[in-house]
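> let's see this in three dimensions:
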Amino acid sequence: MQKVIRRTLFAEQQAARRLARKKEKTDRIWKRLSRRETQMARQDEVKNLKAAQLARHEDWELGPLAPRRDVGDDKDTYGTVDQSQLRFPKIHRSKIDEVLKNVGGRYLNLAKGDRVVLLEGGDKGKIGKIIDIDSSRGMCKVEGLNMVDVAIPKWMLEMDKEDSRPVRTMEGPVSLTAVRLVYPLTDTATGETRDVIVKKLVNTAFFFNKELKRTHWKRVIPGLNIVVPWPKQEPVEKKEYNIDTVRLDVETKTFVPTLLRPPMPSSVIDELRNKYSKFRTRHDPEYIEAKMEEDHEAEAKKKQLAEMRTPLKEINRRERKLRKAKGKGTLTAEMLERIGKVIAQTKQLAIAPKESSIEGAAIAA
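Numbering: from 1, shown residues only. As a prediction, the model looks like this:
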């Protein structure tokens with residue numbers, strides 16, 4: 001049974017190492033793609049800036065003779081922004097809390113439908129409603145603000161038969177750190193209600209919904225302890241299909257547990273836990289008994305090997321018996337006298353060098 005437990009532990013450790021390597025590889029790939037995406041965006045930006053500088057210099061030099069630039073291929077899309085330039089690089093999941101700390105980090109205190117005010121750009125100070133949030137890039141779109149003329153590529157125009165406009169004006173992305181929530185508050189002294197820019201929000205009362213597998217929380221204005229409700233979201237339309245399971249079939253009871261059998265069939269348990277998995281920690285009683293029997297057999301075999309007598313063991317055993325039969329020896333007077341002489345000679349030899357060194361030092365003095 002110890003082997004089974006050891007095998008499970010080794011399998012879990014190996015799986016943990018494999019998962020760590022996979023995570024490290026994913027991070028490397030993500031960083032490489034993000035770096036490449038940032039470089040390409042920067043190259044396009046520099047290219048457009050150089051082209052604009054050159055065009056402005058030509059217009060200044062030529063004056064009335066400056067060429068028209070809204071002709072040819074750029075007849076309809078002159079002065080517009082390419083759609084790819086509106087896609088900003090993603091933020092690594094380990095840095096989201098640091099980059100978006102002013103708006104709650106991973107747990108954003110802004111949501112679709114909130115009224116916000118812009119702190120930067122040409123529409124600075126204007127208020128609008130959030131229509132889209134991209135938390136992976138730390139960007140949002142505000143209704144009617146930061147409008148951008150976007151050039152639609154031809155392949156998109158061919159797909160959209162209803163709208164054939166090559167240029168469309170739409171909301172450009174705004175950084176989440178460049179907006180602040182606007183919420184109506186009532187003054188306790190005057191009783192007047194007016195829109196107030198909320199500088200800071202704190203997330204509290206976290207709750208994880210196991211059914212939806214989502215984390216819910218509340219946002220509070222610190223100091224005032226006012227809970228700001230989340231905006232109401234429009235219900236999602238659910239379409240019915242022919243392959244959908246009827247609710248009546250779902251609610252029909254097909255299994256009734258009794259006292260004579262467990263509430264969960266053993267076959268279902270085997271399917272869920274994988275009876276033959278190396279990560280399995282719960283086993284059937286028969287399997288445990290078989291493994292325990294194997295352990296007992298292994299221990300009995302070890303004991304039997306220890307009790308086996310080999311020729312070498314027999315010789316050693318006979319020698320021990322002979323030494324034990326002889327008993328402990330006794331020292332005679334003659335033996336003690338000889339031992340004393342040896343000790344005296346050894347002591348004299350140890351003292352002699354010291355005496356010679358003292359005499360030599362006296363002569364030198």
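> surely residue 192 touches residue 185?
No - if you go by C-beta atoms under 8 Å, residue 192 and residue 185 don't touch, sitting 9.6 Å apart. In this view, the C-beta of every residue, glycine as well, is placed from N, C-alpha and C.
> neighbour count: the two, which is higher?
A direct count of neighbours by other C-beta atoms under 10 Å for residue 192 and residue 185 places residue 185 higher, at 15 against 8.
> mind telling me what element that one is part of?
strand 179-186 (DSSP states H and E).
> what packs against that strand?
Under the contact criterion of 3 or more C-beta pairs under 8 Å, 6 or more residues apart in numbering; DSSP states H and E, strand 179-186 touches strand 115-118, strand 193-198, strand 226-228.
> quick one: which of those is nearest residue 6?
strand 226-228 (53.0 Å; C-beta to C-beta).
> give the pairing partners of the closest one; include direction for each.
In the sheet, strand 226-228 lines up against strand 214-221 (antiparallel) (DSSP bridges).
> and the helix or strand where residue 59 lies, what's its mean pLDDT?
Element membership of residue 59, judged by DSSP H and E, is helix 2-62. Mean pLDDT, helix 2-62: 88.
> now find how far off-centre it is within its chain.
Per C-alpha atoms, centre = their mean, to the nearest Å, the displacement of helix 2-62 from the mean C-alpha position of its chain is 16 Å.
> ok, then the element right after the helix or strand hosting residue 128?
Assessed by DSSP H and E, residue 128 sits inside strand 127-134. Moving toward the C-terminus from strand 127-134, the next helix or strand (DSSP H and E) is strand 139-142.
> for stretch 103-113, how far is the first residue from the last?
Distance across stretch 103-113, first residue to last, is 16 Å (C-alpha to C-alpha, to the nearest Å).
> if we can go back for a sec, list of residues touching the strand holding residue 185?
For strand 179-186, contacts defined as C-beta atoms under 8 Å, 6 or more residues apart in numbering pick out 109-110, 114-119, 127, 130, 140, 142, 192-199, 201, 221, 224, 226, 228.
> switch the cut-off to 10 Å
102-103, 109-111, 114-120, 127-130, 140, 142, 145, 192-201, 219, 221, 224, 226, 228-229 (C-beta atoms under 10 Å, 6 or more residues apart in numbering).
> next, the angle from that strand to strand 127-134.
130 degrees (axes from the mean of the first three to the mean of the last three C-alpha atoms, to 10 degrees).
> who does strand 179-186 pair up with?
strand 115-118 (antiparallel), strand 193-198 (antiparallel).
> tell me the buried residues in it?
179, 180, 181, 182, 183 (16 or more other C-beta atoms under 10 Å).
> name the SS class of residue 248, please.
helix (DSSP: H, G, I helix; E, B strand; the rest coil).
> and for it, the neighbour number?
7.
> next: residue 106.
Residue 106: 11 neighbours (other C-beta under 10 Å).
> hang on, isn't residue 174 packed against residue 122?
No - look at residue 174 against residue 122 with C-beta atoms under 10 Å: they stay out of range, at 11.3 Å.
> shared neighbours of these two, anything?
By C-beta under 10 Å, 6+ apart, the residues touching both residue 174 and residue 122 are 145, 146.
> who has more neighbours, these two?
residue 174 (22 against 9).
> quick check: bridge partners of the more buried one?
residue 140.
> report the contact partners of it.
By C-beta under 10 Å, 6+ apart, the neighbours of residue 174 are 116, 118-121, 123, 128, 130, 139-142, 145-146.
> need the helix or strand of this protein with the lowest average pLDDT.
Lowest mean confidence among the helices and strands of the chain (mean pLDDT, DSSP states H and E): helix 333-364, at a mean of 73.
> touching, residue 278 and residue 8? I think so.
Yes - look at residue 278 against residue 8 with C-beta under 10 Å: they come within range, at 6.6 Å.
> follow-up on the earlier one: which other helices and strands does the strand holding residue 128 contact?
strand 115-118, strand 139-142, strand 167-171, strand 179-186 (3 or more C-beta pairs under 10 Å, 6 or more residues apart in numbering; DSSP states H and E).
> report the distance from the strand holding residue 185 to the chain centre.
Using C-alpha atoms, centre = their mean, the offset of strand 179-186 from its chain centre is 34 Å.
> quick one: average confidence on it?
Strand 179-186 comes out at a mean pLDDT of 92.
> also stretch 104-122?
Per-residue scores along stretch 104-122 average to 91.
> which residues touch residue 120?
146, 174, 175, 177, 178, 179.
> which secondary structure element contains residue 254?
Applying DSSP H and E, one finds residue 254 in no helix or strand.
> now the one 10 residues further on
Taking DSSP H and E as the definition, residue 264 sits outside all helices and strands.
> and the pLDDT at it?
76.
> same question for residue 147.
Value for residue 147, per-residue pLDDT: 90.
> how many neighbours does the closest residue to it other than its chain neighbours have?
Nearest residue to residue 147, sequence neighbours excluded (C-beta to C-beta, 6 or more residues apart in numbering): residue 169, at 5.4 Å. For residue 169, the neighbour count with other C-beta under 10 Å is 11.
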